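Participant: Task: produce atomic coordinates for the following.
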Amino acid sequence: RILQPRVAATFSAAFSVALSFASTALRRTLNTSVSTLAKRTKMSTPELAQLEKLVKDQGDKVRALKSAGASKDEVTAAVAELTKLKQELADKTPKAPTKKEFNRGVFEDLLKRRFFYAPSFELYGGVAGLYDYGPVGCAVKANFINTWRQHFVLEEGMLEVDCTSLTPHAVLKSSGHVDRFSDVMVKDMKTGDCHRADHLLEDVVEKMLQEPKITPELKEELTIILAQLDNYKKEDLGRIFAKFAIKSPLGNELSEPVDFNMMFATSIGPTGLLKGFLRPETAQGIFLCFKRLYDFNNGRLPFAGAQIGKAFRNEIAPRSGLLRVREFEMAEIEHFVDPLNKNHPKFKFVSHLEVPLFDACSQMDGKQPQLMTLGDAVSKGVIANETLGYFLGRIYLFMARIGIDVKRLRFRQHMKNEMAHYACDCWDAELHTSYGWIECVGCADRSCFDLEQHSKATNVAMVASEQLPEPIVKEVVQVLPDKGKVGKAYKKEAKAIFEYFAALDEAGALDLKAQLANGPVTVKVADTDVQIAPDMVKIERTTIKEHERKFTPSVIEPSFGIGRIVYSLLEHTFAVRDGDEQRTWLRLPPIMAPVKCSLLPLSNQEEFQPFLHQLAQAMAREGVSYRLDDSSTGIGRRYARTDEIAIPFGVTIDFQTVKDNTATLRERDSMQQIRLKLDAIAPLVAQLASGALLWESAVAQHGLLAPSAEAS
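Facilitator: Numbers count the residues shown, from 1 in each chain. Down below sits the predicted model:
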């Protein structure tokens, strides 16, 4: 992340960094794994209240020192004390016990054994950060995309585009990715292995903090290092690595830290002269389509562009499975809105939602996320505007819709040191997994930055307009070039000179006019010196009437990491049958299930085949995906196999089917069964799978079969 040097005039940038130490430390502490949280000691409510008061008082002291323009030493000491108090509070805050301890090894064994996903190029040893989705994983991801498209694109009337992954250098230069899209890297000088410097430092410092003989002074210093970690540049990291003689994980010497740009570079075309990259995000394609989308929307705001597609980031050290990879799927929305009116007409439909908000002040004061309605959050200024609040509400509803445990969801607001200088507000939807809190959706008010950058680079106005109810009379400075004289003098270069004139602001135009009063003026146009004679341009102040207002729209951007959400969803829905720890299953909601129904003959009897064929055809007509398992394995084991891949419903053909043309329909979560006619099964499963009908309604209509142990 890039620290933005916006601080009060009486307070240096170093103080602003110091002020963020405590919040960053708290965030890192809260991201500790579940196993670590389980070991934490508990405190009584009065003790916690006292500790919370100490944190608040110390936070007030830090802010007071900053406002008073205190010395750097005073502020640093106060911040160090605040950091210690916050860590103590986070360590000793009781955590809600989990129903059962999550076994990641068993969970990941299930995903790989049933081929949800697996390392790419496995036969050749694999490549870190690259994964292949198998049949089940592909189906879950496809269901995610379909549900996302329904929830956002269709229900919100968005305009979907599909832009190319190959992106010219000039585009990403304008967006800032060429210069700033980088992490700091160190290299093992013996093996050549590369490590992300901040991650390696974090691992080393956390191990040092666990040493039983650590001195209080060293512990305090290491705590501050952890708190500052997100703010360190390569020079800072280099000094710390040298001070503590940090080695590679194998104990070898490390190189000096260097900036590593995470984009995959390539060339476009056979000459190799047109440089480009594989896109690191899908957003830029939408920005470049703005003018066409604006025209398609009949020149009206607000509107949203949406895109689902691949993005590529050359991570230094990919880890944590699908959570940090080099090629991944994104779903992004760019909602274009008038910067003077960020109200949303549908905000009233989500304003009542009570969601867990971890705002910047709570992070700074060492508090836990607070439940708050979106309406209250916007009215109190916690969330910057209605449009941003509306999308947070829609994200929350989408997460619940696909089966995310909303008790393990929070919205965390970016601290000032995390946000880009142009951003008005930014929130991350974070999901809790066995790896800690994981950022899965970013929702930012990006202001007008992106459109302005591309407009500046291309000299193409990326603006919207609105008719004014009454014309506005205003005084302006006009720059009127004599196109005949400029064209005659400079011919091919004339176009660049006209663009130079058009780009002059009022101050620049008046300055040029003053210089021309003394004769010809030499100016720099497209890196070339050009002499402008006084008769080539007329600069004058005049009064005009404006009948329309032109402006660059602001952008609200929800950005979804599909792989991260899918992985978190699978963790959230992983379960073990009571009384049988070997029987693991996934309780994905039907809309997300890879297959909606299994067809299971009780045995391999030939007389069952016509009924299976009849059911298969009926399922296909209803658009219900099904999986036939007619193996010789016992019916109980086959139920377990379908549960493992989250199939919500199963039809069993048995000897009674031959007699009366009925079959049993089993529901995965409850393992309850009902019995009904064959021709009624496919339409019923279609309703259940789409969510149009609940299982309880089906039971009420058809009656519940007597419970029995599932045969092995």
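
Participant: and the next element down the chain from the lowest-mean-pLDDT helix or strand in the chain?
Facilitator: Of all the helices and strands that make up the chain, helix 34-38 has the lowest average by mean pLDDT, DSSP states H and E, namely a mean of 35. The first helix or strand that comes after helix 34-38 along the chain, using DSSP states H and E, is helix 45-67.

Participant: in that next one, what counts as buried?
Facilitator: Buried residues in helix 45-67, defined by neighbour count with 16 or more other Cβ atoms under 10 Å: 51-52, 54-55, 58-59, 61-62, 65-66. C-betas here are computed from N, CA, C, even on glycine.

Participant: Can I get it as PDB, trimmed to CA atoms?
Facilitator: Only the C-alpha atoms of helix 45-67 are listed here, as PDB (Å, rounded to 0.1, in the frame of the first residue of the first chain):
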ATOM      1  CA  THR A  45     -16.600  -8.100  31.900                       C
ATOM      2  CA  PRO A  46     -15.500  -5.400  34.400                       C
ATOM      3  CA  GLU A  47     -11.800  -6.000  33.600                       C
ATOM      4  CA  LEU A  48     -12.600  -5.800  29.900                       C
ATOM      5  CA  ALA A  49     -14.500  -2.500  30.400                       C
ATOM      6  CA  GLN A  50     -11.500  -1.100  32.300                       C
ATOM      7  CA  LEU A  51      -9.100  -2.100  29.600                       C
ATOM      8  CA  GLU A  52     -11.400  -0.600  26.900                       C
ATOM      9  CA  LYS A  53     -11.400   2.600  28.900                       C
ATOM     10  CA  LEU A  54      -7.600   2.700  29.000                       C
ATOM     11  CA  VAL A  55      -7.500   2.200  25.200                       C
ATOM     12  CA  LYS A  56     -10.000   5.000  24.600                       C
ATOM     13  CA  ASP A  57      -8.200   7.400  27.000                       C
ATOM     14  CA  GLN A  58      -4.800   6.600  25.400                       C
ATOM     15  CA  GLY A  59      -6.300   7.100  21.900                       C
ATOM     16  CA  ASP A  60      -7.700  10.500  23.000                       C
ATOM     17  CA  LYS A  61      -4.200  11.400  24.300                       C
ATOM     18  CA  VAL A  62      -2.600  10.500  21.000                       C
ATOM     19  CA  ARG A  63      -5.100  12.700  19.100                       C
ATOM     20  CA  ALA A  64      -4.600  15.500  21.500                       C
ATOM     21  CA  LEU A  65      -0.800  15.400  21.100                       C
ATOM     22  CA  LYS A  66      -1.300  15.500  17.300                       C
ATOM     23  CA  SER A  67      -3.600  18.500  17.500                       C
END
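
Participant: Could you find the closest non-adjacent residue to His432?
Facilitator: Leaving aside its sequence neighbours, His432 sits nearest to Arg408 (Cβ to Cβ, 6 or more residues apart in numbering; 4.0 Å).

Participant: ditto for Asp679
Facilitator: Here the residue nearest Asp679, using Cβ to Cβ, 6+ apart, is Ala618, at 7.1 Å.

Participant: Surely that neighbour is in contact with Val685?
Facilitator: No - using Cβ atoms under 8 Å, Ala618 is not in contact with Val685; the gap is 9.2 Å.

Participant: Look at those two and report which has more neighbours.
Facilitator: Higher neighbour count among Ala618 and Val685: Val685, with 26 against 19, using other Cβ atoms under 10 Å.

Participant: Assumed the more buried one was part of a helix.
Facilitator: Yes - using DSSP: H, G, I helix; E, B strand; the rest coil, the assignment for Val685 is a helix.

Participant: Pull the contacting residues for it.
Facilitator: Neighbour list for Val685: 596-597, 619, 622, 624, 649, 651, 665 [criterion: Cβ atoms under 8 Å, 6 or more residues apart in numbering].

Participant: now swap in Arg666 and tell me
Facilitator: 639, 649-652, 672-673.

Participant: Does it belong to a helix, a strand or coil?
Facilitator: From three-state DSSP, the assignment for Arg666 is strand.

Participant: Next, the contact list for Ser165, please.
Facilitator: Ser165 touches 278-279, 309-312, counting by Cβ under 8 Å, 6+ apart.

Participant: Show the backbone phi and psi for it.
Facilitator: phi -80, psi -30 (degrees, to the nearest 10).

Participant: which stretches of the stretch 601-712 of the chain form strands?
Facilitator: 626-628, 649-653, 662-667, 673-677 (DSSP state E, counting those that start in this stretch).

Participant: Mean neighbour count, those: which tops it?
Facilitator: Using mean count of other Cβ atoms under 10 Å, the stretch among these with the largest mean neighbour count is strand 649-653, at a mean of 24.

Participant: same for that one, what does it pack against?
Facilitator: Applying 3 or more Cβ pairs under 8 Å, 6 or more residues apart in numbering; DSSP states H and E, one finds that strand 649-653 contacts strand 597-601, helix 609-622, helix 635-644, strand 662-667, helix 678-690.

Participant: Next, the angle from that strand to helix 635-644.
Facilitator: Following axes from the mean of the first three to the mean of the last three Cα atoms, to 10 degrees, one obtains 160 degrees for the angle between strand 649-653 and helix 635-644.

Participant: What average pLDDT does strand 649-653 get?
Facilitator: The average pLDDT within strand 649-653 is 97.

Participant: Identify the neighbouring strands of that strand in the sheet and state each direction.
Facilitator: Applying DSSP bridges, strand 649-653 is found paired with strand 597-601 (parallel), strand 662-667 (antiparallel).

Participant: what residues does it touch?
Facilitator: 590, 596-602, 608, 611-612, 615, 635, 639, 642, 663-668, 673, 681, 685, 688-689.

Participant: Stretch 171-180 now?
Facilitator: 2, 169, 181, 261, 263, 277, 279-280, 284, 287-288, 450, 453-454, 456-458.

Participant: again, but for stretch 385-392
Facilitator: 302, 333, 335, 337, 342-344, 346-347, 350-351, 355, 374-375, 377-378, 383, 411, 424-425, 427, 429, 443, 445, 556, 558.

Participant: Now it - C-alpha only, CSV.
Facilitator: In CSV, the C-alpha atoms belonging to stretch 385-392 read as follows (Å, rounded to 0.1, in the frame of the first residue of the first chain):
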residue,chain,number,x,y,z
ASN,A,385,-23.0,8.3,1.0
GLU,A,386,-26.2,6.4,0.2
THR,A,387,-24.8,4.8,-3.0
LEU,A,388,-21.9,3.3,-1.2
GLY,A,389,-24.2,2.2,1.6
TYR,A,390,-26.6,0.7,-0.9
PHE,A,391,-24.0,-1.5,-2.4
LEU,A,392,-22.8,-2.6,1.0
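
Participant: and stretch 172-192, which residues are buried?
Facilitator: For stretch 172-192, a neighbour-count test (16+ other Cβ under 10 Å) marks 172, 174-175, 177-178, 181-188 as buried.

Participant: just to revisit the earlier point, buried members of the contacts of stretch 171-180 into PyMOL, please.
Facilitator: Command for PyMOL that selects the buried part of the contacts of stretch 171-180, burial taken from 16+ other Cβ under 10 Å:
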select buried, resi 169+181+261+263+277+279+280+284+287+288+450+453+454
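
Participant: now, which of the contacts of stretch 171-180 lie within helices?
Facilitator: Counting by DSSP state H, these place 169, 284, 287-288, 450, 453-454, 456-458 in helices.

Participant: Output the residues you listed as CSV; include the columns pLDDT and distance to Ala245.
Facilitator: Shown next, in CSV, are the ones in helices among the contacts of stretch 171-180 (pLDDT from 0 to 100; distance: Cβ to Cβ, whole Å):
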residue, pLDDT, distance to Ala245
His169, 95, 40
Gln284, 96, 42
Phe287, 97, 46
Leu288, 96, 48
Asp450, 93, 43
Gln453, 94, 43
His454, 95, 47
Lys456, 91, 47
Ala457, 91, 45
Thr458, 91, 50
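
Participant: got the phi/psi numbers for the residue nearest to His432?
Facilitator: phi -110, psi 30.
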